[in-house]
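Visitor: output the structure for:
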Amino acid sequence: RISIVGPDGSRRYMTNLAEEGSMPWFSLALSLSQHWSDTIRASPKSQLDDGIAELYILKCGTGKRHLLKSFSLLPTGVLASSSSETVIEAVPFTEVTVSFPCSEGSQDNLVPGIFNVDGGIFRHNGCVNLRVL
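Guide: Model prediction:
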């Protein structure tokens, strides 16, 4: 489950549970810059030190063709302004909290784990909070 504070200060909650009306997620990625590589400009509106980051959510449950089509759009930056039907959703934020509940509907029991940041492996206690300074 994710709690997001948007650039305008509004709070938004997201889940990957189908029974709560959402599509399962395959992966999450965070970005603070326009470019992921010399050919992929995932966030064309990003500016250096603007205090805003983007959360990219790769959704499960779609066909391979739709997934490949979404990946082919990455270099253009189209995903930053695309509709909710895309396989990859871009969400701007200033603060994000990702929690990993132990069981469906449980907010108190969190599952510890690990995550990767630029090749570094970090442990978490079931909740990861990131804030853009």
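
Visitor: wait, residue 126 sits on residue 110?
Guide: Yes: using C-beta atoms under 8 Å, residue 126 is in contact with residue 110, at 2.4 Å. C-beta here means a position set from N, CA and C on the backbone, and glycine is covered the same way.

Visitor: what residues are shared contacts of these two?
Guide: Common contact partners of residue 126 and residue 110 (C-beta atoms under 8 Å, 6 or more residues apart in numbering): 99, 100, 101, 102.

Visitor: got JSON lines for these, with pLDDT, secondary structure and distance to residue 16 too?
Guide: Below are the shared contacts of residue 126 and residue 110 laid out as JSON lines (pLDDT from 0 to 100; DSSP: H, G, I helix; E, B strand; the rest coil; distance: C-beta to C-beta, whole Å):
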{"residue": "99", "pLDDT": "90", "secondary structure": "strand", "distance to residue 16": "12"}
{"residue": "100", "pLDDT": "84", "secondary structure": "coil", "distance to residue 16": "11"}
{"residue": "101", "pLDDT": "80", "secondary structure": "strand", "distance to residue 16": "11"}
{"residue": "102", "pLDDT": "76", "secondary structure": "coil", "distance to residue 16": "15"}
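
Visitor: now these as TSV including distance to residue 4 and neighbour count?
Guide: TSV is the format used below for those (distance: C-beta to C-beta, whole Å; neighbours: other C-beta atoms under 10 Å):
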residue	distance to residue 4	neighbour count
99	12	15
100	16	16
101	17	17
102	22	11
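
Visitor: what does the residue nearest to residue 5 when sequence neighbours are not counted show for phi and psi?
Guide: Nearest non-adjacent residue to residue 5, counting by C-beta to C-beta, 6 or more residues apart in numbering: residue 95, 4.1 Å away. Main-chain dihedrals, residue 95, degrees, to the nearest 10: phi -150, psi 140.
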